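S.K.: Model the following, please.
(chains A, B, C, D, E and F)
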There are 4 protein chains.
Amino acid sequence: MNGYERRTELKKDKIRSAALELFCAYGTDKTSINEIAQKAGVAPASIYNYFGSKEEMVKDIIINLLESSLKAKKELWESDRPFPELMKRAISMQDDFIEHTNLDLLLQALLNTDPEIKKLIDDIYKRRYPYIVEKFIEKGHKDGYIRRDLSIEAATIYLKMYQDVVQQPEILKNRNKNLLKELYDLMLYGLAGTPIQDKV
Amino acid sequence: MNGYERRTELKKDKIRSAALELFCAYGTDKTSINEIAQKAGVAPASIYNYFGSKEEMVKDIIINLLESSLKAKKELWESDRPFPELMKRAISMQDDFIEHTNLDLLLQALLNTDPEIKKLIDDIYKRRYPYIVEKFIEKGHKDGYIRRDLSIEAATIYLKMYQDVVQQPEILKNRNKNLLKELYDLMLYGLAGTPIQDKV
Amino acid sequence: MNGYERRTELKKDKIRSAALELFCAYGTDKTSINEIAQKAGVAPASIYNYFGSKEEMVKDIIINLLESSLKAKKELWESDRPFPELMKRAISMQDDFIEHTNLDLLLQALLNTDPEIKKLIDDIYKRRYPYIVEKFIEKGHKDGYIRRDLSIEAATIYLKMYQDVVQQPEILKNRNKNLLKELYDLMLYGLAGTPIQDKV
Amino acid sequence: MNGYERRTELKKDKIRSAALELFCAYGTDKTSINEIAQKAGVAPASIYNYFGSKEEMVKDIIINLLESSLKAKKELWESDRPFPELMKRAISMQDDFIEHTNLDLLLQALLNTDPEIKKLIDDIYKRRYPYIVEKFIEKGHKDGYIRRDLSIEAATIYLKMYQDVVQQPEILKNRNKNLLKELYDLMLYGLAGTPIQDKV
DNA sequence: AATGAATGAGGGTTCATTCAT
DNA sequence: GATGAATGAACCCTCATTCAT
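M.R.: Residues are numbered from 1 along each chain as shown, chains lettered A, B, ... in the order given. Predicted coordinates:
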């Protein structure tokens, strides 16, 4: 990557981050190319030079986000840390995207309109993400934290659920140690609970 | 209610349902008044006669939905059914809104723009909904299904999480008995699980 | 006029006065039939029963106003009061329309769009109003308050100016030297005039 | 001013003059952006690029007109020409705006709706215009064309009247006896005046 | 490569007007 | 005769996109 390309990539990233911020604050629809251009300090026409169209830019940004998020999870769950720590970290991981909490909104809206995104999401949530979860569960089995009769499918949903919920701004804002700990207990032992000796 | 008013209310409902369907499919922004009007079989201007503006129409629909959903939950959880059945029904309740699965997304998007909606949501999720959950948990305690050291706060989040998740189209579409049952088990006993005798 | 007709005429007048008030406050364009109807306490459709269309209603009201205003002036200037009092009263006469000072606006806007109004205005300001002014000036002559070398034309313009009546673009366009000079004389020496040596 | 800016300014002026012509013919309300755009030979959207909104365009045009008109008067009355010529010219000055004779109507209509315009008008007619008139009268005094007992206030009103400038309803409302008497005196005896025995 | 200017397409909204009741 | 409901046409305005510079 020579100097020109590097500068181009830098500008693209500036546009990407400006756009993402606005998207999360107002949604992709209510964010105009002009606003993004102004916030990024470029001319609107330049965005078209870089990304082709607004739709493609949105896709580019979403894919970027999904891939990096997935990569982080994969790295975490393939690491050698003890199981309870993995769980704790997994739940809290989205800290990196603390200001991007509306990602799901972006996704949902696009799922119904863009087939390419739909394919990517499907690929992620039906193939790659389950694969990671499988690894996670295997470790849970091995370490004795997850009962053996639990299907990958159910576990995937369950985990995703937890991650989505802990992303919610209110929870993050009011987050007190006890609440998070309770949620964590619920995750392991459910409503009925099994007040076994807490290992965490 | 005379003839005029009855017809008006019928048309309003027709508009409401047409709008809701489109909103959930494409989001409120990408749904134009023209589309709604066409789908509902009325003139665009009529929508303004009924609702005043697009924004007010959105609010009207959302509030309608929230109130009726809350009412249904309240009725369910205040009923005299045994606890496990309550849980099962609560999880499956949104069947009625099987095609309205993006409600949360609508809400999220509106939370950032409309203060009136924000106030309503706050009222529901900080006052009325917790109150209902409290009743539900009391019953769980009494019947021995919920351990006594669980806070209302954590339980509220946990339950809401379950209801949101089970609303997801993929789960509903692929729903097989086993998956739902597994989720239900997870709800009660968590990942670690306590394969006590299943009472459900 | 029987009971029915009397009630009809009453309602029409109610509409007329409501409309006039709104017209003067906001202009005819920015005043909607619905507003008028509401202010007059009738249904919008009723206005159509009475007046046929908005345009016709506006015409009706304007003509009403012009005729009554002209009639008042005619009565005043044909009365037997001494000349100075006539003048004073003429200047102050628009008291009746103190809140209708935007009448000119209504007229001007209509002059360019409605030929019927144009014809009426022409009739008034080229035939009937000059006739009245002529009478007025004759009286001025006879009583020694107006010098004899003043043309009806100039006097008419002068009076109109004072009374804040329609400002006519045509006059400015067709302006001839004598007319301008007369206006200039009036400006310097007034109606009574002091035919001193002209220095211009 | 580079090429871009020069062309922009040219187009803006083209739009301004097209708009002004239509405004004077039909009023600002009855003139649509589409009409203006067509007459100016640009796309409707371009007008928004230039002026932001219809309202702002109207303000821009009005302010433009008022300022240039005021500037012309100021220059005239501060010039060294003999008094009678000044008067003659002042009366004839609006030649430049011979096709803009409805300016006053535009102003009146806007006075009731736009506070910024109201402030400008107030500034002009309560501060800047009277100042100019004062200079004019001083010259009239010095040259012996205006009797010394004439108030600035009355002279201002008188001149405005002659020049067909804004007719202010407030004046009529706040009318006090002296002011009216002065106006009446002016009407009878003109600027030069003939202090004959007052018969009124 | 970068951008200022221009615009076509479409959105929300208003309102004079009609029509069935 | 009076009215509530319904609407077509037109309006102001936005914005993704293109193009000449």
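
S.K.: Give the burial count for A:Glu55, as a bare number.
M.R.: 15 (other C-beta atoms under 10 Å in any protein chain shown). Backbone N, C-alpha and C define where each C-beta goes, glycine included.

S.K.: Oh, that last question was meant for A:Ala154, not what I typed.
M.R.: That count, for A:Ala154 with other C-beta under 10 Å as the rule, works out to 20.

S.K.: and if you look at the one 5 residues further on?
M.R.: Neighbourhood size, A:Leu159 [other C-beta under 10 Å]: 21.

S.K.: Show me what the helix or strand harbouring A:Ile47 is packed up against.
M.R.: Here A:Ile47, judged by DSSP states H and E, is contained in helix A:44-51. In terms of contacts (3 or more C-beta pairs under 8 Å, 6 or more residues apart in numbering or on different chains; DSSP states H and E), helix A:44-51 is packed against helix A:3-26, helix A:33-40, helix A:54-77.

S.K.: can you redo these as TSV with mean pLDDT?
M.R.: TSV is the format used below for the helices and strands packed on helix A:44-51 (pLDDT from 0 to 100):
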stretch	mean pLDDT
helix A:3-26	87
helix A:33-40	95
helix A:54-77	86
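
S.K.: Of these, which is nearest DNA strand E?
M.R.: helix A:3-26 (6.3 Å; C-beta to the nearest atom of the strand).

S.K.: Quick check: the gap between the residue nearest to the spatial centre of chain A and A:Ile62.
M.R.: For chain A, the residue sitting closest to the mean C-alpha position, by C-alpha atoms, centre = their mean, is A:Ser69 at 4.8 Å. The gap separating A:Ser69 from A:Ile62 is 11 Å, by C-beta to C-beta, to the nearest Å.

S.K.: residue contacts, A:Pro82?
M.R.: A:Asp143 (C-beta atoms under 8 Å, 6 or more residues apart in numbering or on different chains).

S.K.: Give me the neighbour count for A:Lys126.
M.R.: A count of neighbours around A:Lys126, defined by other C-beta under 10 Å, yields 12.

S.K.: so how far is chain C from it?
M.R.: From A:Lys126 across to chain C, the span is 56 Å (C-beta to the nearest C-beta, to the nearest Å).

S.K.: okay, and for chain A, where does confidence drop off?
M.R.: Applying pLDDT under 70 to chain A picks out residues A:1, A:91-109, A:111-112, A:162-181, A:183-184, A:191-200.

S.K.: domain ranges for chain A?
M.R.: Domain segmentation of chain A under automatic domain parsing yields A:1-52, A:53-200.

S.K.: Now do the first one: distance to the chain's middle.
M.R.: Domain A:1-52 sits 21 Å away from the centroid of its parent chain (C-alpha atoms, centre = their mean, to the nearest Å).

S.K.: and it with DNA strand E, contact?
M.R.: Yes - contact of domain A:1-52 with DNA strand E (C-beta under 7 Å from any atom of the strand) involves A:Arg7, A:Thr8, A:Lys11, A:Val42, A:Ala43, A:Pro44, A:Ala45, A:Ser46, A:Tyr48, A:Asn49.

S.K.: from those, which is closest to chain C?
M.R.: A:Pro44 (35.5 Å; C-beta to the nearest C-beta).

S.K.: if I read this right, the closest one contacts A:Ile33, doesn't it?
M.R.: Yes - using C-beta atoms under 8 Å, A:Pro44 is in contact with A:Ile33, at 5.1 Å.

S.K.: one step back: now check the helix holding A:Ile47, is it near DNA strand F?
M.R.: Yes - Helix A:44-51 lies within reach of DNA strand F by C-beta under 7 Å from any atom of the strand, at A:Pro44, A:Ala45, A:Tyr48.

S.K.: Around DNA strand E, pick out the residues from chain A.
M.R.: So chain A meets DNA strand E at A:Arg7, A:Thr8, A:Lys11, A:Val42, A:Ala43, A:Pro44, A:Ala45, A:Ser46, A:Tyr48, A:Asn49 (C-beta under 7 Å from any atom of the strand).

S.K.: A:Leu150: what secondary structure?
M.R.: coil (DSSP: H, G, I helix; E, B strand; the rest coil).

S.K.: doesn't B:Gly190 make contact with it?
M.R.: No - with contacts counted by C-beta under 8 Å, A:Leu150 stays clear of B:Gly190, the gap being 10.1 Å.

S.K.: Closest approach to chain D from chain A, which residue is it?
M.R.: For chain A, C-beta to the nearest C-beta, closest residue to chain D: A:Asn34, 11.0 Å.

S.K.: ok, now which ones touch the nearest residue to that residue once chain neighbours are set aside?
M.R.: Nearest non-adjacent residue to A:Asn34, counting by C-beta to C-beta, 6 or more residues apart in numbering or on different chains: A:Pro44, 5.4 Å away. A:Pro44 sits next to A:Ile33, A:Asn34, A:Ala37 when contact means C-beta under 8 Å, 6+ apart.

S.K.: can you tell me how far A:Ala40 sits from DNA strand F?
M.R.: Between A:Ala40 and DNA strand F the computed distance is 13 Å (C-beta to the nearest atom of the strand, to the nearest Å).

S.K.: hmm, I was thinking of A:Phe23
M.R.: Distance of A:Phe23 to DNA strand F, computed by C-beta to the nearest atom of the strand: 11 Å.
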